[in-house]
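1. Sequence and predicted structure are below.
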Amino acid sequence: METNNKKWVAGWGTAITVMAQNHADYIKDQTFRYVIFPTVDGEGLRLHFSNKFGREDAVITKVFVAKRAEGEYIKPETNVQVTFGGEAACRLPAGGSAVSDEIPFSFTAGEEFAVSMYFGELTELYTAHSNNGYYIKKYYGKGDWAEKECVPLEDYGENGPYVFLNTIDFLTDSDVHAIIAFGDSITAQPWPDCLAHRIYDLGIKNVTVVRKAIGGGRMLREYKYRLKKHWGEAGIKRFEQDITQAGADRVFVLHGINDLIHPGVNNRMCRMDELPDAEEMIKDGYMKYIEIAHRHGMKIYMSPILPCPRCKNDDGVREKTRLAVNEWIRTKAPCDGVIDFEAAVWDPDDHTLIYPEYDSGDHLHPSFAGASHMAESIPLDIIK
């Protein structure tokens, strides 16, 4: 399908991780519908699925894409079936992945479409990812509604997980490039969506934003225990996989707060000996990110770690590390530029706190106003 003046570019994404235990272990006779907001025009789609952490094969009975009408409604006359080697069903082997056939499907920037997936067989739900926010729209329901106009109100719920689907490539213009937004829960929340809408509102039609972030994720370590496995692989382990997407030429990184605030004196799952110092975070974390990005010919822009009062616990050693890391990022890091999200959201009267309007209330995650301000703070010259 690719032509001389068109190319494949990742246009949407989520990170691959383990399903949190607050969802069912198995699903059957279930439909999931995900709303996608494109910032570019496109003529085709290619969908990526993963069962990386699955212990059993998984079968997706059928997948459809269609233009969105509103809410959970699609325009059924626009339905296109997604196929896999010409077949309707996709079998994902345990630990494996699959990419759909190239599907003709035209859309314009800002024209939302939906991906609807139906699971007819009993399917282990182990590789999946949950996040939500102001712009994230997901619907799920009992029964086969993949190609129907809507999931009936009495059968549907909202904000279910992204199951198996992790990246969508768009067939788009040759000058389009993708930005990868990489990090933890702060990036799994709205600022990448706010950036995508800023790009659209400015009339920029050659940039996509692809979120690859996992709530709770750390740069250097990961959890051994099932209860916390949904917090993902260590950043240094997943970084290369997540940033090497079709058409991606730059990555925006905000990562490291969980390396500092997760370890605790009486925390059996995350002991204090897992607390890194600034030297370890720089040498084994950020420098690895920079080396990997540059090896793939990508530019990397890094943000200092946002303020968090929890860093002041335990004689303030975490705060000293945070400040040392942030000073290095601003003055010495051999990255391609700094996106100063910390300065964008800190309280001007106390830089160790998030400004109240930009604080979600937990003194860690920005509010929607904070996320919007973060997106607005990114210089246009590193977006274009």
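-> Alright, I've got the coordinates. Numbers count the residues shown, from 1 in each chain.

2. Any chance of the backbone angles for V59?
-> phi -120, psi 120 (degrees, to the nearest 10).

3. ugh, typo on my part, it should be V251
-> phi -140, psi 140.

4. number of nearby residues for the closest residue to it other than its chain neighbours?
-> Excluding the flanking residues, the one nearest V251 by CB to CB, 6 or more residues apart in numbering is I180, at 4.3 Å. In short, each C-beta sits where N, CA and C put it, glycine included. Applying other CB atoms under 10 Å, we find 27 other residues in the vicinity of I180.

5. residues in contact with I180?
-> A10, G13, V210, K212, D242, I243, Q245, A248, R250, V251, F252 (CB atoms under 8 Å, 6 or more residues apart in numbering).

6. Repeat that for G85.
-> Contacts of G85 (CB under 8 Å, 6+ apart): D101.

7. now swap in K212 and tell me
-> K212 makes contact with G13, T14, A15, I180, A181, F182, D242, I243, according to CB under 8 Å, 6+ apart.

8. Compute the distance between the third one and F105, please.
-> To tie it back to what came earlier, the one meant is A15. 24 Å (CB to CB, to the nearest Å).

9. from memory L92 sits against S50, does it?
-> Yes: assessed by CB atoms under 8 Å, L92 is found in contact with S50 at 7.4 Å.

10. Adding distance to Y355 as columns, could you present the contacts of I180 in TSV?
-> Below are the contacts of I180 laid out as TSV (distance: CB to CB, whole Å):
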residue	distance to Y355
A10	33
G13	30
V210	28
K212	27
D242	30
I243	30
Q245	33
A248	32
R250	28
V251	27
F252	21
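
11. now, which of the residues you listed lie within helices?
-> D242, I243 (DSSP state H).

12. Please report which of the contacts of I180 has the highest neighbour count.
-> Counting by other CB under 10 Å, top hit in those: V251 with 30 neighbours.

13. so what's it bridging to?
-> V251 forms beta bridges with I180, I300, as assigned by DSSP bridges.

14. Please list all residues in contact with it.
-> I179, I180, A181, F182, I243, Y289, A293, M298, K299, I300, Y301 are the contacts of V251 under CB under 8 Å, 6+ apart.

15. What of Y34?
-> By CB under 8 Å, 6+ apart, the residues touching Y34 are A114, V115, S116, K137, K138, Y162, L165.

16. cutoff 10 Å now
-> Residues in contact with Y34 (CB atoms under 10 Å, 6 or more residues apart in numbering) are 12, 14, 65, 113-117, 136-140, 160, 162-163, 165, 168.
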